[in-house]
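**Student:** pasting the structure only:
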């Protein structure tokens, strides 16, 4: 059961589509003409023999991602709901003005959440150290490191938790990672959360993004209980 008293501080939320195509399929000129109708501010657009260059289009705290070399299009900001809404509008606009070739497919859609989370009275370093307690291999390695690396502590303990699909390599379209570590610069107050999710289907990744807040709380509940 998720807790409700976590303070979340999103630092960067990104949702983007990567195309499986040789050439960048988005027709940028009409897209840059269209997005101001959706509230985006496009400044200093330059068109020459080197291509199209512009300052990053903005809408409030949102930033538009257009990477022709990496063949990606998306939105980044610091609020999940705003990023999801902006991504959906941008994706629809790009499809409308570009008339994609039938051979253009989605390689993957990626969601990334990087932020900090805290709860009064919870010490991330202690909590994450205790989470690994009782695991013989972790404790043995902690003693080995403590004997070899002089410090103010009698033993070492894992400083965080990182989970990913077991037995698979990350260089694939469908992938996920979830990392929780203490925030070094925040004393003993905050967890750093880094969540990455990729899927071939946009609607699947969007659903994960919309449920990310709840998942983060459920993970931290399991870590701290």
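**Tutor:** Structure received. Values in this document were obtained by computation on a predicted structure and should not be read as measured data.

**Student:** Quick check, central residue of this structure?
**Tutor:** residue 112 (1.2 Å; Cα atoms, centre = their mean).

**Student:** what bridges to that residue?
**Tutor:** residue 14, residue 196 (DSSP bridges).

**Student:** Surely it is in contact with residue 12?
**Tutor:** Yes. Assessed by Cβ atoms under 8 Å, residue 112 is found in contact with residue 12 at 7.1 Å. Placement of C-beta: from N, CA and C, glycine included.

**Student:** Can you say which helix or strand has the spatially most distant residue from the centre of the chain in it?
**Tutor:** Of all residues in the chain, residue 147 has its C-alpha farthest from the mean position, at 37.0 Å, by Cα atoms, centre = their mean. According to DSSP states H and E, residue 147 maps onto helix 136-148.

**Student:** So for that helix, mean pLDDT?
**Tutor:** For helix 136-148, mean pLDDT rounds to 91.

**Student:** Now do the helices in this protein.
**Tutor:** Using DSSP state H, the helices of the chain run over 28-34, 80-98, 124-131, 136-148, 202-210, 212-224.

**Student:** For residue 60, find the nearest of these.
**Tutor:** When the helices of the chain are compared by Cβ to Cβ, helix 80-98 sits nearest residue 60, at 7.1 Å.

**Student:** Off-centre distance for that closest one?
**Tutor:** From the chain centre to the centre of helix 80-98 is a distance of 17 Å (Cα atoms, centre = their mean, to the nearest Å).

**Student:** Repeat that for stretch 215-223.
**Tutor:** For stretch 215-223, the distance to the chain centre is 17 Å (Cα atoms, centre = their mean).

**Student:** For that stretch, report the contacting residues that lie outside it.
**Tutor:** Under the criterion Cβ atoms under 8 Å, 6 or more residues apart in numbering, residues 1-4, 6, 8, 113, 115, 117, 119, 127-128, 131, 161, 178, 180, 191, 193, 195, 208 lie in contact with stretch 215-223.

**Student:** quick check: mean pLDDT across that stretch?
**Tutor:** 93.

**Student:** Can you list the buried residues in it?
**Tutor:** 215-217, 219-220, 223 (16 or more other Cβ atoms under 10 Å).

**Student:** neighbours around the closest residue to residue 100 other than its chain neighbours, how many?
**Tutor:** Take residue 100 and drop its neighbours on the chain: the residue closest to it by Cβ to Cβ, 6 or more residues apart in numbering is residue 25, 5.2 Å away. Under the neighbour criterion other Cβ atoms under 10 Å, residue 25 is assigned a count of 19.

**Student:** Could you give the backbone dihedrals for residue 25?
**Tutor:** Backbone torsions of residue 25, given as degrees, to the nearest 10, read phi -80, psi -10.

**Student:** returning to that earlier point: now the residue nearest to the centre of the chain: how far from residue 216?
**Tutor:** Noted for residue 112: a distance of 13 Å to residue 216, by Cβ to Cβ, to the nearest Å.

**Student:** got any residues that touch both of those two?
**Tutor:** Counting by Cβ under 8 Å, 6+ apart, the residues touching both residue 112 and residue 216 are residue 195.

**Student:** re earlier: next up, the contacts around the residue nearest to residue 100.
**Tutor:** Residues in contact with residue 25 (Cβ under 8 Å, 6+ apart) are 19, 71, 98, 100-101, 104.
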